[in-house]
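> Compute the structure for the input listed below.
(one chain, ligands or ions: 1)
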Amino acid sequence: MSGSIRAVIDTNALQHNLSVVRARAGSARVMAVVKANAYGHGLLPTALALQAADAFGVARLEEGVALRAGGITQPIVLLEGVFGAEQLEEAARQRLQLVVHDVSQIELLECSGGAQRFVLWVKIDTGMNRLGFPPGESAAVLERLRRLSPAPRELRLLTHLSCANERDDAVTRAQLQRFREATGSLPYAVSIANSAGLFGAVALGCDWVRPGIALYGASPFDDCIAADLGLEPVMRLESSVIAVRRVARGESVGYGGAWVAKRDSAIAVIAAGYGDGLHRSLGGGAPVLIDGRRAPLAGRVSMDMMAVDVSELAGVRVGTPVLLWGPGLAVEEVARNAGTIPYELLCAVSQRVRLVVNRA
Ligand SMILES: *Cc1c(COP(=O)(O)O)cnc(C)c1O
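Okay, here's the model as predicted:
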């Protein structure tokens, strides 16, 4: 449809990326992280396309509830656990697994008196300094959880890496060592690697991996794009030209007159703006693909539109298709032009962007 922006989700690419992740993960099981509306790709369609995953990871209770309502039967892990008795009861009803990262969550479990035997993932803070117990407390926390009544169905351990995306082996190795020292003698399954940990240089050796961004076909690293890792972009963010106009040399385009024509120019107006999730920080000159050919932004992204200098391109007219990112224009490149990371751009795709799922 012309004049409307849409995000086309390629479920074949999702499945391809899962198989690449599996090959990389060796014998480890894969928890597909689908929080934040599956990084903007649509929570349920993404989970349905990734049913070969061994589990799903979500950040919020509501996401777990939505997956169950949509018919997902795989294990679902609440990556931040629950915050209150009601949430704990709902998590039990929905058969969700819980991360336990704070003593208040242990107390909740101790006071619940519910009959549910949870799978509990104990989070150890090895240097991220966000969530988790200090390594030195791991043994005591696990002992306390073992005494819950009813006893947990299973206890597992996880930690999160702070610098795996920077290929900074020293920090990652230090985190790994802290984790091993604290937990190496404990008989529990462990999970360490996110996407960067999985594709990074340090062999982490764990029972579960927790990829997010890699499944969506974007790189967690600054120095390469997903294709370099064998991954395929899942989202095509596409729109079309809604007007083409001539602008005389010396005229400006858009708010603030931020772009001034250095010559008589042809400007195409695209139906895509920050109301759709395109960052206003995308610099003038950042490329989009007009009918497969690169053309630079002219001026600032506005709420519903952006202007592109198509002086070099013949045949651009109302209805000509535009690719904002996807195969041919890596979201990593667009993110760099916007001064951010692919995660933020993908998650920012807004409600009014129509999600179209290309089923495998
Ligand atoms: C979001 C998240 C992940 C996935 O991270 P990626 O960098 O997208 O692979 C893994 N583990 C936890 C705890 C997370 O919150």
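
> Any buried residues in stretch 279-292, and which?
His279, Leu282, Gly284, Ala286, Pro287, Val288, Leu289, Ile290, Asp291 (16 or more other Cβ atoms under 10 Å). Every C-beta, even on glycine, is put in place using the N, C-alpha and C of the backbone.

> Please convert those to CSV, extending it with distance to Arg263 and pLDDT.
What follows is the buried residues of stretch 279-292, written out as CSV (distance: Cβ to Cβ, whole Å; pLDDT from 0 to 100):
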residue, distance to Arg263, pLDDT
His279, 28, 94
Leu282, 23, 92
Gly284, 16, 74
Ala286, 20, 93
Pro287, 19, 95
Val288, 20, 97
Leu289, 23, 98
Ile290, 18, 98
Asp291, 22, 95
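
> what two of those residues are the furthest from one another?
Pairwise distances among the buried residues of stretch 279-292 were taken by Cβ to Cβ; the largest, 23.4 Å, belongs to His279 and Asp291.

> tell me the contacts of the closest residue to the ligand within the chain?
Here the residue of the chain nearest the ligand is Gly212; by Cβ to the nearest ligand atom that distance is 2.5 Å. Neighbouring residues of Gly212 by Cβ atoms under 8 Å, 6 or more residues apart in numbering: Ala32, Val33, Val34, Lys35, Tyr39, Gly57, Asn194, Ser195, Tyr343.

> I'd assumed Trp208 was in contact with the second one.
I take that to be Val33. No: the criterion here is Cβ atoms under 8 Å, and Val33 misses it with Trp208 at 11.3 Å.

> of all the residues in the stretch 1-150 of the chain, which ones are close to the ligand?
Val33, Lys35, Leu79 (Cβ under 6 Å from any ligand atom).

> Is it possible to get TSV of these that adds neighbour count, distance to Ala53 and secondary structure?
Output for those, formatted as TSV (neighbours: other Cβ atoms under 10 Å; distance: Cβ to Cβ, whole Å; DSSP: H, G, I helix; E, B strand; the rest coil):
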residue	neighbour count	distance to Ala53	secondary structure
Val33	26	10	strand
Lys35	19	14	helix
Leu79	22	15	coil
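
> Closest to Ala272 out of those residues?
Lys35 (25.0 Å).

> Distance to the ligand and secondary structure for the buried residues of stretch 279-292 - can I get that in TSV?
Compiled in TSV, the buried residues of stretch 279-292 are given as follows (distance: Cβ to the nearest ligand atom, whole Å; DSSP: H, G, I helix; E, B strand; the rest coil):
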residue	distance to the ligand	secondary structure
His279	19	coil
Leu282	22	coil
Gly284	30	coil
Ala286	24	coil
Pro287	25	strand
Val288	25	strand
Leu289	25	strand
Ile290	31	strand
Asp291	32	coil
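
> Give the buried residues for stretch 328-335.
Neighbour counts using 16+ other Cβ under 10 Å place Leu329, Ala330, Val331, Glu332, Val334, Ala335 of stretch 328-335 among the buried residues.

> Check the secondary structure at the fifth one for me.
Yep, that's Val334 we're talking about. Secondary structure, DSSP: H, G, I helix; E, B strand; the rest coil: Val334 is helix.

> what sits against it?
Leu282, Ala286, Leu324, Trp325, Pro342, Leu345.

> What of the fourth one?
Residues in contact with Glu332 (Cβ under 8 Å, 6+ apart) are Ala218, Ser219, Ile225, Ala226, Pro342.

> Wait, the third one touches Ala330, no?
Just to be clear, that refers to Ile225. Yes: Ile225 is within contact range of Ala330, at 4.5 Å (criterion: Cβ under 8 Å).

> can you list residues touching both of these two?
Ala218.

> all strands for the stretch 201-350 of the chain, in order.
Along the stretch 201-350 of the chain, counting by DSSP state E, counting those that start in this stretch, strands occupy 208-209, 235-247, 252-253, 259-260, 265-270, 287-290, 293-296, 306-309, 321-325.

> okay, these, which one's buried deepest?
Most buried of these, by mean neighbour count (mean count of other Cβ atoms under 10 Å): strand 306-309, with a mean of 26.

> and Leu215, what pLDDT?
In this model, Leu215 is scored at 98, pLDDT.

> For it, which non-adjacent residue is spatially closest?
Closest residue to Leu215 apart from its sequence neighbours, by Cβ to Cβ, 6 or more residues apart in numbering: Asn17 at 4.9 Å.

> so who does that neighbour touch?
Asn17 neighbours (Cβ under 8 Å, 6+ apart): Ala214, Leu215, Tyr216, Gly217, Leu231, Glu232, Val234.

> For the second one, the count of nearby residues, please.
For Leu215, the count of nearby residues is 29 (other Cβ atoms under 10 Å).

> thought it was touching Leu14?
Yes: shown here, Leu215 and Leu14 form a contact pair, counting by Cβ under 8 Å, at 6.4 Å.
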